[in-house]
Each structure stands twice: as structure tokens, then as C-alpha cells.
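[1] using only what follows, build the 3D model:
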Amino acid sequence: MTQSQQQALNIVGAVDAIRNAENVLMAQINATADMLAAIKLNQAYQHLDSVLGQILHLQNTTDDQIFASAAASIKGQTTALQSDEHTIQGLINDVGTAKKVIGYVGQALGFISKLC
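    Next comes the predicted model:
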């Protein structure tokens with residue numbers, strides 16, 4: 001497998017994991033009666049969506065130098081995504097659902113870490 005093919009798989013994996021996390025988060029946002037929790041979950045959702053947009057932009061980049069710069073920028077956000085994991089864990093009451101979201105974010109982090 002070429003490096004380009006591996007990068008494409010990493011991007012697709014990150015996109016899939018983030019979309020899955022967003023789907024679960026949106027269901028939690030819609031289901032909660034706690035407005036403050038909904039706002040905080042929405043903030044985590046918006047951050048994930050921002051990273052998703054950056055990854056999708058990266059996917060369409062054909063210039064190697066721009067790709068490397070954009071990948072480095074996305075990798076730089078891993079600490080914030082890890083922080084979001086902790087926030088989400090504290091806001092979702094159902095442990096199984098929280099683990100599901102955190103698992104998806106963890107998968108995305110794994111794929112992001114492999115970007116060149």
C-alpha cells in the first residue's frame with residue numbers, strides 16, 4: 001500500500017469515527033432536559049464538527065506541502081479533543097453511551113495521529 005493510499009484510509013477512518021461520535025452526541029443533545037448539559041454537549045459537538053471540516057478539507061488537498069501543514073494543524077488539536085472526551089464523559093449520564101462517544105473520539109485520534 002502506498003503512503004497516499006494509507007493517508008486516504010486514515011482520513012476516511014477519522015471522518016467515519018467523528019461522524020459516529022457526532023451522531024451519538026446529537027441524540028444525547030436532543031434527549032436531555034438539562035439545558036446546561038445540552039449547551040456543553042453542543043460545544044463538544046461543534047468542536048468535533050470543526051475538526052471534521054478540517055479533515056475533509058485535508059482530503060481534497062493535492063499539494064504535499066499544504067497537506068503536511070494542514071495535517072500538522074489537525075494533529076495539534078488532539079489535546080483539545082482529549083479534553084472533550086473528559087467533558088463528554090462527565091455530561092452523559094449513561095455510562096455505555098459515554099463510552100461509545102469516547103470510543104469514537106479515541107478512534108479518530110488514532111487515525112489523526114497517523115497523518116503525515
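[2] and the residue most central in space within the chain, what's its pLDDT?
    A centroid search over the chain (Cα atoms, centre = their mean) returns Ile18, at 4.0 Å, as the residue closest to the centre. Looking at Ile18, its pLDDT stands at 97.
[3] now the longest helix anywhere in the chain: buried residues?
    Of all segments of type helix in the chain, defined using DSSP state H, the longest is helix 3-31. Across helix 3-31, burial judged by 16 or more other Cβ atoms under 10 Å covers 7, 10-11, 13-15, 17-18, 20-22, 24-25, 28-29. (Each C-beta comes from the backbone N, C-alpha and C, glycine too.)
[4] can you pull out the strands in the protein?
    Taking DSSP state E as the criterion, the chain carries no strands.
[5] hmm, the residue nearest to the centre of the chain is touching Val101, no?
    No. Using Cβ atoms under 8 Å, Ile18 is not in contact with Val101, being 10.7 Å away.
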